[in-house]
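In: what's the 3D shape of this:
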Amino acid sequence: MPLETLDRTPPPFFKQGPSALSRLVVFSALALVLMVADARFKLVQPLRAAIATVLYPAQWLALQPVQMIEDGTGYLTELKTARKTEEAARRKLAAQSQRAGQVEQLQLENERLRQLLGLRDRLTVPGTAAQVLYDATDPFSRRVVIDKGQLNGVQPGSPVMDESGVLGQVTRVYPFVSEVTLLIDRDQVIPVMNARTGQRAVAYGDATPRTGLLELRYMPVGEDVREGDELVTSGIDGVYPPGLPVAKVAAVDRRSDSSFARIYCTPLAQVQGVTYVMVLQPVTDQLRLAGVGPSATPASAPASAASAASAAAAASAPAAKARPATPASAAGKAGKPPRAGNHPKPQGGKP
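Out: Now for the predicted structure:
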């Protein structure tokens, strides 16, 4: 083949375009112009929305396998957790059912014994549901503010509890809100009783800030207190109803150099992050309404005392008239003190 017939021009594949530096400068300038235009005039926003709309089906399809794997893993984890929770709930329900039967039997026996002994029935303490609005602003105390106040019948000193146990006590009452001081406050004191042994004690709020514990003080070293013992209200203060759960013993420190043990307890109520509470009426108010406590109004106390004194005077007057005068009384009327030998001799006996 003759050499003149060959085409000496390179094929289009091997043709070179603009240089790399030229393309870099052009594309950099275009990118800079687009960024400035997008920042100033939002010119690229419609283009970006159109591209996102077009690419959304592809992105959705690409994410489906990952989403299916995550959903499957979450489903298996939740199923395992739900089974464990169901098993624990069933065990707890069985234990509560057995305890409920025992409680009913004990209540019947208690009612019979109270009727036999002539004791009064236990009082039912009414309660008012409330919601916690916020924590108090005082950093040196543990208090919360609830949405029920004086207009809702809340009184100072009313016990407050949640679904787990005693939370605290109402310390300040306003027309629409009230302030509740938690049990773990350093100024709070509550009388408690060991549910296992029946030993009474007093639980104090821990003076150490932000520990969230209670302390049983002035307990002798030899007292039978163990970790895990449940403490309930004893009811001897006239504020808290008896039998309300308060705390569990967390640690018992018996030291040889001290005659008192250091006992720390964990509150059963949710002292942090509680949302809904129940405000109970003080026991003293229930006793007053039942007629076994102090009188309902302060003015009625002097009247009742005066009536009791007049009744006693009226009852003693006939007895004084019917009583024969003795030599001692006659001597007293004459203004002379009686002598030891002037006392009358008993009838039918020897002197």
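In: Going by C-alpha atoms from here, please, whenever you check contacts or count neighbours.
Out: Fine.
In: Please identify the buried residues of stretch 192-209?
Out: 192-195, 200-206 (16 or more other C-alpha atoms under 10 Å).
In: ugh, typo on my part, it should be stretch 181-194
Out: Applying 16+ other C-alpha under 10 Å to stretch 181-194 flags 181-186, 188-194 as buried.
In: Determine how far that stretch lies from the middle of the whole chain.
Out: 11 Å (C-alpha atoms, centre = their mean, to the nearest Å).
In: wouldn't residue 261 be in contact with residue 225 here?
Out: No: Residue 261 lies out of contact with residue 225 (C-alpha atoms under 8 Å); the separation is 9.6 Å.
In: shared neighbours of these two, anything?
Out: residue 252 (C-alpha atoms under 8 Å, 6 or more residues apart in numbering).
In: picking that back up, turn the buried residues of stretch 192-209 into JSON lines, including distance to residue 167, pLDDT and secondary structure.
Out: Below are the buried residues of stretch 192-209 laid out as JSON lines (distance: C-alpha to C-alpha, whole Å; pLDDT from 0 to 100; DSSP: H, G, I helix; E, B strand; the rest coil):
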{"residue": "192", "distance to residue 167": "14", "pLDDT": "95", "secondary structure": "strand"}
{"residue": "193", "distance to residue 167": "16", "pLDDT": "94", "secondary structure": "strand"}
{"residue": "194", "distance to residue 167": "18", "pLDDT": "94", "secondary structure": "strand"}
{"residue": "195", "distance to residue 167": "18", "pLDDT": "91", "secondary structure": "coil"}
{"residue": "200", "distance to residue 167": "19", "pLDDT": "92", "secondary structure": "strand"}
{"residue": "201", "distance to residue 167": "18", "pLDDT": "93", "secondary structure": "strand"}
{"residue": "202", "distance to residue 167": "16", "pLDDT": "93", "secondary structure": "strand"}
{"residue": "203", "distance to residue 167": "13", "pLDDT": "93", "secondary structure": "strand"}
{"residue": "204", "distance to residue 167": "13", "pLDDT": "93", "secondary structure": "strand"}
{"residue": "205", "distance to residue 167": "12", "pLDDT": "89", "secondary structure": "strand"}
{"residue": "206", "distance to residue 167": "15", "pLDDT": "78", "secondary structure": "coil"}
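In: farthest-separated two in the residues you listed?
Out: 195 and 206 (21.7 Å; C-alpha to C-alpha).
In: ok, back up a step: of the buried residues of stretch 181-194, the lowest pLDDT goes to which?
Out: Minimum pLDDT across the buried residues of stretch 181-194 is recorded for residue 186, with 87.
In: Can I take it that that residue is in a strand?
Out: No: under DSSP: H, G, I helix; E, B strand; the rest coil, residue 186 falls outside any strand and is assigned coil.
In: Pick out the residue closest to the middle of the chain.
Out: Centroid-nearest residue in the chain: residue 167, 2.7 Å away (criterion: C-alpha atoms, centre = their mean).
In: so that one, which of the three states?
Out: Residue 167 - assigned by three-state DSSP - is strand.
In: let's number from 29 now, not from 1
Out: From this message on, residue numbering opens at 29, which makes the last subject residue 195.
In: can you pull the contacts of it?
Out: 187-189, 210-211, 274, 297-299.
In: And the pLDDT for it?
Out: Note on residue 195: pLDDT of 94.
In: Let me see the ranges of the strands in the chain.
Out: Remark: strands assigned in the chain by DSSP state E are 155-163, 171-174, 187-189, 194-201, 206-210, 217-222, 228-233, 242-248, 258-261, 273-281, 288-295, 304-308.
In: what mean pLDDT does stretch 257-264 have?
Out: 91.
In: measure residue 272 to residue 285 for me?
Out: To residue 285, residue 272 is 34 Å away according to C-alpha to C-alpha, to the nearest Å.
In: how many neighbours does residue 304 have?
Out: When neighbours are defined as other C-alpha atoms under 10 Å, residue 304 has 14 of them.
In: got a pLDDT number for the nearest residue to it once chain neighbours are set aside?
Out: Nearest non-adjacent residue to residue 304, counting by C-alpha to C-alpha, 6 or more residues apart in numbering: residue 159, 4.5 Å away. Model confidence at residue 159, expressed as pLDDT, equals 93.
In: how far away is residue 159 from residue 230?
Out: 28 Å.
In: cool, and residue 254?
Out: Distance from residue 254 to residue 230, by C-alpha to C-alpha: 16 Å.
In: Repeat that for residue 280.
Out: Between residue 280 and residue 230 the distance is 15 Å, computed by C-alpha to C-alpha.
In: Could you do residue 160 as well?
Out: Residue 160 is 27 Å from residue 230, by C-alpha to C-alpha.
In: and what of residue 161?
Out: Residue 161 is 30 Å from residue 230, where distance means C-alpha to C-alpha.
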